[in-house]
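Enquirer: sequence and predicted structure are below.
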There are 4 protein chains.
Amino acid sequence: MTQKKPWQGRFSAETDEVFEVFSESLSFDYRLFSQDIAGSIAHCRMLVKQAIIPKESGDKIIQALKKVREEIAAGKIEFDPAWEDIHMAVEACVISKTGPVGGAMHTARSRNDQVATDLRLYVRDSILEIQSLLSGLMTAFIEKAKQYIDVILPGLTHLQHAQAVRFSHHLMAYVEMLRRDSQRLSDALKRVNVLPLGSGALSGTTFPLDREYVADQLGFEAISRNSMDAVSDRDFVVEFLAAAALIMAHLSRFSEDLIIWNSAYARFIELPDALTTGSSMMPQKKNPDGAELIRGKSGRVFGHLMAMLTVLKGLPMTYNRDLQEDKEPLFDAVDTVKAAISVAVLLVKGLEAIPERMAEATAWGYLQATDLADYLAKKGIPFRDAHAIVGRLVAHAIENGKALSAYTTEELQKFSPLFEKDALEVTAIDKGVDQRSGFGMTGRSAVMEQIEFAENNYLKNRETHSEKK
Amino acid sequence: MTQKKPWQGRFSAETDEVFEVFSESLSFDYRLFSQDIAGSIAHCRMLVKQAIIPKESGDKIIQALKKVREEIAAGKIEFDPAWEDIHMAVEACVISKTGPVGGAMHTARSRNDQVATDLRLYVRDSILEIQSLLSGLMTAFIEKAKQYIDVILPGLTHLQHAQAVRFSHHLMAYVEMLRRDSQRLSDALKRVNVLPLGSGALSGTTFPLDREYVADQLGFEAISRNSMDAVSDRDFVVEFLAAAALIMAHLSRFSEDLIIWNSAYARFIELPDALTTGSSMMPQKKNPDGAELIRGKSGRVFGHLMAMLTVLKGLPMTYNRDLQEDKEPLFDAVDTVKAAISVAVLLVKGLEAIPERMAEATAWGYLQATDLADYLAKKGIPFRDAHAIVGRLVAHAIENGKALSAYTTEELQKFSPLFEKDALEVTAIDKGVDQRSGFGMTGRSAVMEQIEFAENNYLKNRETHSEKK
Amino acid sequence: MTQKKPWQGRFSAETDEVFEVFSESLSFDYRLFSQDIAGSIAHCRMLVKQAIIPKESGDKIIQALKKVREEIAAGKIEFDPAWEDIHMAVEACVISKTGPVGGAMHTARSRNDQVATDLRLYVRDSILEIQSLLSGLMTAFIEKAKQYIDVILPGLTHLQHAQAVRFSHHLMAYVEMLRRDSQRLSDALKRVNVLPLGSGALSGTTFPLDREYVADQLGFEAISRNSMDAVSDRDFVVEFLAAAALIMAHLSRFSEDLIIWNSAYARFIELPDALTTGSSMMPQKKNPDGAELIRGKSGRVFGHLMAMLTVLKGLPMTYNRDLQEDKEPLFDAVDTVKAAISVAVLLVKGLEAIPERMAEATAWGYLQATDLADYLAKKGIPFRDAHAIVGRLVAHAIENGKALSAYTTEELQKFSPLFEKDALEVTAIDKGVDQRSGFGMTGRSAVMEQIEFAENNYLKNRETHSEKK
Amino acid sequence: MTQKKPWQGRFSAETDEVFEVFSESLSFDYRLFSQDIAGSIAHCRMLVKQAIIPKESGDKIIQALKKVREEIAAGKIEFDPAWEDIHMAVEACVISKTGPVGGAMHTARSRNDQVATDLRLYVRDSILEIQSLLSGLMTAFIEKAKQYIDVILPGLTHLQHAQAVRFSHHLMAYVEMLRRDSQRLSDALKRVNVLPLGSGALSGTTFPLDREYVADQLGFEAISRNSMDAVSDRDFVVEFLAAAALIMAHLSRFSEDLIIWNSAYARFIELPDALTTGSSMMPQKKNPDGAELIRGKSGRVFGHLMAMLTVLKGLPMTYNRDLQEDKEPLFDAVDTVKAAISVAVLLVKGLEAIPERMAEATAWGYLQATDLADYLAKKGIPFRDAHAIVGRLVAHAIENGKALSAYTTEELQKFSPLFEKDALEVTAIDKGVDQRSGFGMTGRSAVMEQIEFAENNYLKNRETHSEKK
């Protein structure tokens, strides 16, 4: 026997069962329970404060809410599908404890502003957790960069040898990306952390609310300024999903690098056994499943962003039931991003460079060509000419199976008399790399500066936005 | 204590727990169990037939597979997360019944061709189910069109009054869309229903397989022609998702029409109580939640399509673990489409037209203007002039608050002497509509023909593609 | 005869013609010309300052660059397809004026850091222009809200009558959305306005650059900290596109409202002739093409966002030619957003409310129901009971074709003795609406506060980020 | 001075200029001119045949239409922006030649069914062209497969060595993908090639049309069955875009393979100079720009698909101006797909395998492991045990820097006495590969069969769907 819906008074037919399953959200929005209860507690306190409901009722309800929170957290409550959504579920649980007075907590509130409040609290919590995970991933990259500060590998453009770079420099590139991701989440947070409660169904209420008080209780930094906007606004979900999509794009790029470094072709790194699958027959084989899964999972987050934009497209004001579709993409994006970062941390921590393989590739990549041309240009030769000279040198090196670092000053001078002894500072891979010492470049001092700056500025603990207990 | 993975022989570290959760698929691919077992039975029969494994082993394994299928279906098996995926789960269950011989069912097979086979069977099953649901929805539209065959409402372009149309004609427009959806799925099926088994990990196998026999057992109409393609091909998932996206686009358009017809503005229809939510205070209010949810759920299916395309983008050959991301979007799209069609059936069956409201809107919409201009044009007046004359007439009607149908022949003749008695056949809404009697138009006979054709040609039962029991 | 490519020295075959067309970008990146030249001027000044090139050369080049800028702006230069991209085009034009010395402007620079610089300048310019347009649109909404401050219309949820609201309140909801859009762009700008120049091809350069000086010249607020990241980073394009997608989502929602208000069903507003198309025969018909086009154009911007995310997915470090695909989606999104906002301004300015139609709909919408229930609740009746009482009243009103505002106190008391004279303050639409006087609500004072706040805080002129002349 | 719009009779204000630019489509739909004219000719012939317009008028108009077609094709007509779209442009040009009688060609037609007709003709033409290009690309792959029929390279899963495969087998995998693409387009064509003309604005017309005759003239295979559906249906655009997206996904995967093969890591192939960019300094460097651009361009086509789905989402019936947004994504997708296939043809034709590099990688990849285990399994050893034995062998080989092919029978027997002389048939790479001789596998005979089948069945010329001249 299904319980009567509150709005069902006059309805002659029961809600169709197929439709009931289609429209219920409890099976996924149950995870908003703690946000929902936090919101209700703050709302109740305000109702009491404003003398909208009696203190006794308020106290009773708040006590029940806390108890329900505990019970749900402990898995002690079995959800009845007839409850439809987490708001109804919590209300039903409270009323079962308080009797009819429990219904009073819904005074001067609508499910429209209530769900918006819950969702904002959830996104806020998720952002803070993800920022903390990002901080952990940046730390892992930084540690690895420090460990391999002087390991050099070929820097690529177009997957072609371009210039030698520090492995640490390459790793720090990802720290910059992640830093932007974290900043973007902070910026989004400003628009997330706004209290919609008090907007009612769409136009506010005639009760004398104290919205400031509620905002303060819940740690919101601002209060929504237009009730019609407040109940229909899901921008913050889109903005979060867009930031999440970029995080996944970054992780997919890192995964690609890892997969290639770990590939049969490069063998530049060794990935930890715990994050790969292997073959009992081919011991050298280590499938980089962790990285492949991260790369693949970028798809679902991109898709969720598209889903949410589609939901909003052409939606008339104000609340429409379409908005219920905000939750599943959001929840899955949060889970995916958190898991992907966590696995990325393990990958970064676990990866071991194979410097010999990198060095070998670097030696034979003719990666000093640009610097040699710059060397000549600094001596006054026009660029085009410098390029032509170095081109002839590299062609000679290839033909003779000789690394550029193996040329003596005299040999170099056969290509241009301007080559002097200090040209060997350019052809020696490590010395050449260190000449790129400008801000943000791959020279040792420059990379050390990047690391230091990141350590001092990117990993700070965020203050938490917490509701009053 | 976690069970050893089969490929874990030489691995020194246990798979990391975070990664294990990240990479397991059993929590969602369990639903391939019947397809997986069907595939394994067919494979085993072939192994026996080809004398690759002894008949006794084969019989024992097949018996165990059938038993496991029963047990899973009956919910008697508790899945161990260590099994990772449904293939491992089934194998473990079989071996627990047969002893080590159960492992022989994996002879001459790889997880790569196995999962491709399972997924194709699943998509095939889903297509057939969805086609059956589409057939039900077309039937519902056709029945409703027949019920309201003569109800006339304003036909709109730009949500502006354009020409009067039969309500049945409007409903039949959706039947055409759904028919295309069903055809598209049939076309996709040709590319789905191809056996990949026998492709091994990527290059086939040295065992003397009989792939024809397996295809025949499983009801596949063709056999993959290139093993490298076969293990990496997920085109059929994308193609299914694209067809699913169009189904949802159609349903979102129908939902929009319903929402507007049901809106405070139009009140052209009454939706069934069971599919709406209401207000105990405002009895006239019926929120069209069913239609809004369908409209909103178009987003997730569009998103899943985008997700899958993203997964495939730039993926090197052949199998990469990214492909594991094919399942969740697919499963959710199948569920969503099936549920959305089912709810649409209820909406169509349940909706009641309010012909008086439609008639009233039609009368005052000046919808006969085009036909009146055509009337004059047929009498030889150039179009532009005919338009101008009718424009003056409509302006007069608006000014005088008079419907066009209320003008007498004499009154019409004040605007043009060419108007004769038969002009009243044009201004009378119902007669005017019936003059649009050409193929596919909104006249009664034309709509009846549409209905009859659809009944005779769109609802045929499909033969099923079933595997041998 | 095609000109030799600079990198083509050793190449034996000419670039294939089909490929040349495929790979050229000049046909669309020509619009970066002023950004490209600004970047080159700043770079040259720095090269001179750092004594990397002689002052004479620098002066000559800078003069030529300025001249080329003028000529391109004046349409005096015909682009040669062989130039491939705008960077090459500008260089060729400069060299044609300066002779070979012009090549020196490319010292210590690569196309990789150059194009990143140009694109960032372009996005910065576009953000500032769009913010200015958004400001104009907010102003239009605010003006319209002031004009119609006291017009009341039915506030809807689910396109169903819910509660009466001020038209001005509804309009101000869009101002809140646009405000967030503008803020989001400001936040994005922080990550856009970072100088990549000096990153070279990927690892920096051995020349002694002064990157601070270049940043200062170009108005950049920060300098990229990692050269490998800097040449491959297109986050700022994605972030811009995501913000653009939300702007379009907002405009699509406003368009939907307009289309419905303007529809045959509602006729709440009159749209300006200049933004609609009509029919010479049906003078009452005004197709809201402007709004429909805006709504439709949301699709292309969503698509461009998806395109850019797809480009980045799985891209290995650092620069890959795929990144050339950043421009067309960006350019089209900028154009679309700017045009859509401009047309929206015209729509808002031009729309005329038809208060009688709104009032009529409001009167018969039973929109006071919630407030009446709140009225009873405040007198101590439990909510559920209050709802039931009001439900009976509304049912009575519907049955008797009577507006709620037409009930006398005595008549109301038949439904509950708690109704007193002040209940008429609730049933009178305008008085009832004004009781929603809390922060952000629809009461007159609350809406006035919204308007005032927006006027004082949302429309401030942004300081421009301009490069030194 | 702007020309009066035909529907502008009663409009008091001129269409706003900003809006005019926003709403015009002539700047992109001009490319429908030949389809538009073909449609008009067929329509006119029918009007004459049905005696709706006089033969003289019809002849005059048709002659003018043909002349206009010639002139546009020859670039002799300068489009006036005031014409707004190609339909108006053609009409204006015709009338300028015929005088007012030209207007008669619009009898019994609306822009709604006209544009739908034009677009279907355009998509049909595009499909046929793309199928022809696909055929060319399949041919190129087949030729290359024949050229390198016996070249062997490591077959990869997870970018890890798995099993040796023929290079030809790998290439033929792409032929299978392209074949599906072509089939998918053929299936789409069935739904494209349907005549909408005769549907009028939305409900048909009162004129006695002969739609069969028009369909026959234009080579349409079917006639739309519901006029409301016909004017609002853009499914065929979505279906085309989905097929185009898959083509691009395939080409992006092939590009990825090419880029990796061409990479600094693998050097398995040499790409033609004409399709790469190089460095005058680093002669060995060949940036695979062609492949990178194709890979990147997958993004825009995915985006266009998403754009079009977004346009359709929630659109009410029937024609809405949003639908104008169907053209640009379609046109760009057609251009992109055609160009990408053309460049892919050049890449395939131009690529040269470096068999020595492939052979070297194959020799040291221990790729015979699976086959060796199968060898033992065939001799009756349980799989797990066979794997363990081979695992020990591979470990020994790695430790001793020895290729598996270098082991003698006696040496193999130290790992299992079951190894006999014929085990050397397995360890010899080429012989081992040929043992995979089953249908679709990588053995020589199997690949030859794939090639032959493709040559005989995939490249057939399609009959063209041409309109009568």
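Expert: Received, thanks.
Enquirer: so which elements touch whichever strand or helix holds A:E20?
Expert: Assessed by DSSP states H and E, A:E20 sits inside helix A:17-23. Secondary-structure packing of helix A:17-23 (3 or more CB pairs under 8 Å, 6 or more residues apart in numbering or on different chains; DSSP states H and E): helix B:289-312, helix B:327-350. Any C-beta I mention is one placed from the backbone N, CA and C, and that applies to glycine too.
Enquirer: which strands border whichever helix or strand comes after the last one, and is each parallel or antiparallel?
Expert: Stepping forward along the backbone from helix B:327-350, the first helix or strand reached (DSSP H and E) is strand B:352-353. The pairing partners recorded for strand B:352-353 under DSSP bridges are strand B:269-270 (antiparallel).
Enquirer: surely A:G350 is in contact with A:T276?
Expert: No: checked against CB atoms under 8 Å, the pair A:G350 and A:T276 is beyond contact range at 9.3 Å.
Enquirer: who has more neighbours out of those two?
Expert: Remark: of A:G350 and A:T276, A:T276 carries more neighbours, 26 against 21, as counted by other CB atoms under 10 Å in any protein chain shown.
Enquirer: shaky segments in chain A?
Expert: For chain A, applying pLDDT under 70 flags the ranges A:1-15, A:461-469.
Enquirer: the helix ranked longest in chain A near chain C anywhere?
Expert: Longest helix in chain A by number of residues, with DSSP state H as the criterion: helix A:111-147. Yes: Helix A:111-147 lies within reach of chain C by CB under 8 Å from any CB of the partner chain, at A:N112.
Enquirer: smallest gap between the stretch 351-469 of chain A and chain B, at which residue?
Expert: A:E352 (12.7 Å; CB to the nearest CB).
Enquirer: kindly apply the preceding question to the stretch 51-200 of chain A instead.
Expert: Taking CB to the nearest CB as the measure, the stretch 51-200 of chain A has A:E84 as its residue closest to chain B, at 9.6 Å.
Enquirer: so that residue makes contact with A:S27?
Expert: No: judged on CB under 8 Å, A:E84 makes no contact with A:S27 at a distance of 10.1 Å.
Enquirer: who's more crowded, the two?
Expert: Neighbours were counted for A:E84 and for A:S27 using other CB under 10 Å; A:E84 has more, 20 against 11.
Enquirer: list the residues that contact the more buried one.
Expert: Going by CB atoms under 8 Å, 6 or more residues apart in numbering or on different chains, A:E84 touches A:5, A:20, A:23-26.
Enquirer: picking up where we left off before, quick one: buried residues of the longest helix of chain A?
Expert: Going by neighbour count (16 or more other CB atoms under 10 Å in any protein chain shown), the buried part of helix A:111-147 is A:111-128, A:130-131, A:133-142, A:144-145.
Enquirer: before we move on, what about stretch A:405-419?
Expert: Neighbour-count burial for stretch A:405-419, with 16+ other CB under 10 Å as criterion, is recorded at A:405, A:407, A:412, A:415-416, A:418-419.
Enquirer: rewinding a little: can you give me the neighbour number for the residue of the stretch 351-469 of chain A closest to chain B?
Expert: 12.
Enquirer: ok, for it, nearest residue in space, not its chain neighbours?
Expert: With CB to CB, 6 or more residues apart in numbering or on different chains as the criterion, A:E352 has its nearest non-adjacent residue at 4.4 Å, and that residue is A:E270.
Enquirer: now do the contacts for the one you found.
Expert: With contacts taken as CB under 8 Å, 6+ apart, A:E270 has the following neighbours: A:262, A:286, A:351-352, A:354.
Enquirer: now the buried members of these.
Expert: Buried members of those, scored by 16+ other CB under 10 Å, are A:262, A:286, A:351, A:354.
Enquirer: isn't A:A162 right up against C:A201?
Expert: Yes: between A:A162 and C:A201 there is a contact under CB under 8 Å: 5.6 Å.
Enquirer: more neighbours: which of these two?
Expert: Ranked by neighbour count (other CB under 10 Å), A:A162 and C:A201 place A:A162 first, with 28 against 22.
Enquirer: partner strands of the host helix or strand of the more buried one and their direction?
Expert: Element membership for A:A162, per DSSP H and E: strand A:160-166. Using DSSP bridges, the strands paired with strand A:160-166 are strand A:152-157 (antiparallel).
Enquirer: residues in contact with the partner strand?
Expert: Contacts with strand A:152-157, where a contact means CB under 8 Å, 6+ apart, come from A:161-167, A:169-170, A:268, A:358-359, A:361-362, A:365, A:367, A:429-430, A:433, A:442, C:112, C:201-203, C:228, C:231, C:316-320, D:263-264, D:287.
Enquirer: now do stretch A:50-62
Expert: Outside stretch A:50-62, the residues that touch it by CB under 8 Å, 6+ apart are A:40-41, A:44-45, A:47-48, A:94, A:98, A:101-102, A:104-105, A:107-108, A:207-210.
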